[in-house]
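# Build me a model:
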Amino acid sequence: MKTEKQFDLPQRLKAAYEKEKAMREILQQSTIPVTANTHTRIVEAAKFVGKYSNHAICDAFRINRSSFLNHIYRAKGADNYYSRRDEALTSEIINIFNEHRQIISAAKIAAIMKMSGIHVTDKKVRKLMRKNRLISIRSNSKAVYEMLYPGYPNHVKRNFTADYPNQVWASDVTEFKYKRHTYYICVIIDFYSRKAVSHYISMRNSTHLVMMTLRYACKTRKPPEDIILTVRIEKRAETQAKKIKIL
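This next block holds a predicted model:
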């Protein structure tokens, strides 16, 4: 009865033959002498990336695989395979982006490139578009943004003072680490006394964190219905004030 290793033997012999064949082709196309130093051999080997397997390339030039991969991925400013590939992908992305009147997204561009035989991910396309400042333009983008993120009237107008207690509160969330764990603390202060009204700590930065802090503040202070609470919104990079009705 044949064992599993005996069944795999023809495949292993075929793989070894293909590897030896690739090594011979690489050495025939190489333009450097066999006695070249390690750096020269690594630079020369980088020219064959994408044409042959990394194992065959490293064995052909007698170089360490980790050093070879480090040169490909981390060599800054080097004319390696990945930098040239990014240039080619960027050129293709710009052509597709302009052909569709600059209203196409990264996911659709990646789908078009895949249909053309170019294997690329949505994340890669998005990264290159962000690097080259390619932003999709839509005629109704402003209307969609205002619908999804409606603005609030600014009652404070940068006047961070109060005439009496519980007139204006301010809230913010801060991230900190303690014993290898990340925590978030939400604090509400009174503009009149500049003292903390309440605080709440959680391991998640969520709406629940802010609401619990607000509930404790309302339970302790019992503010009037027309109190103004300023909320710092990081994503929109601005401070807005919103009137909150205390139930």
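# quick one, strands of the protein?
Counting by DSSP state E, the chain has these strands, from start to end: 168-178, 181-190, 196-202, 228-233, 238-243.
# Can you mark which positions in the lengthiest helix in the chain are buried?
If each helix of the chain is counted by residues according to DSSP state H, the longest one is helix 4-29. When burial is assessed from 16 or more other CB atoms under 10 Å, helix 4-29 yields the following buried residues: 19, 22-23, 26. Just so you know, the C-beta spots here come from the backbone N, C-alpha and C atoms, and that holds for glycine as well.
# any idea which of those residues is the one closest to residue 52?
When these are compared for distance to residue 52 (CB to CB), residue 22 wins out at 4.8 Å.
# which residues does the residue nearest to the closest one when sequence neighbours are not counted contact?
Computed as CB to CB, 6 or more residues apart in numbering, the closest residue to residue 22 that is not its neighbour in sequence is residue 56, at 4.0 Å. Contact partners of residue 56, counting by CB atoms under 8 Å, 6 or more residues apart in numbering, are 19, 22-23, 26.
# re the thing from before, of all the strands of the chain, which one comes closest to residue 125?
Closest approach to residue 125 among those is made by strand 228-233 (28.9 Å; CB to CB).
# and the chain, what are its domains?
Annotated domains of the chain cover 4-74, 81-131, 168-243 [automatic domain parsing].
# ranking these by mean pLDDT, which is last?
The stretch with the lowest average pLDDT out of these is domain 168-243, scoring a mean of 79.
# how close does residue 13 get to residue 59?
Between residue 13 and residue 59 the distance is 17 Å, computed by CB to CB, to the nearest Å.
# what do you get for residue 85?
23 Å.
# same check, this time on residue 130
From residue 130 over to residue 59 (counting by CB to CB), the distance is 38 Å.
# isn't residue 65 right up against residue 53?
No - using CB atoms under 8 Å, residue 65 and residue 53 do not qualify as a contacting pair, with a distance of 10.9 Å.
# How much space separates the closest residue to residue 67 other than its chain neighbours from residue 32?
Among residues not flanking residue 67 along the chain, residue 42 sits closest, at 6.5 Å (CB to CB, 6+ apart). For residue 42, the distance to residue 32 under the criterion CB to CB works out to 11 Å.
# For the two, indicate the residue with more neighbours.
It is residue 42, of residue 42 and residue 32, that has more neighbours when counted by other CB atoms under 10 Å, with 22 against 13.
# hang on, isn't the more buried one packed against residue 68?
Yes - counting by CB under 8 Å, a contact exists between residue 42 and residue 68, whose distance comes to 5.8 Å.
# Now the phi/psi pair for the closest residue to residue 105 other than its chain neighbours, please.
Counting by CB to CB, 6+ apart, residue 136 is the residue found nearest to residue 105 once chain neighbours are left out, at 5.6 Å. Taking degrees, to the nearest 10, you get phi -70, psi 130 for the backbone angles of residue 136.
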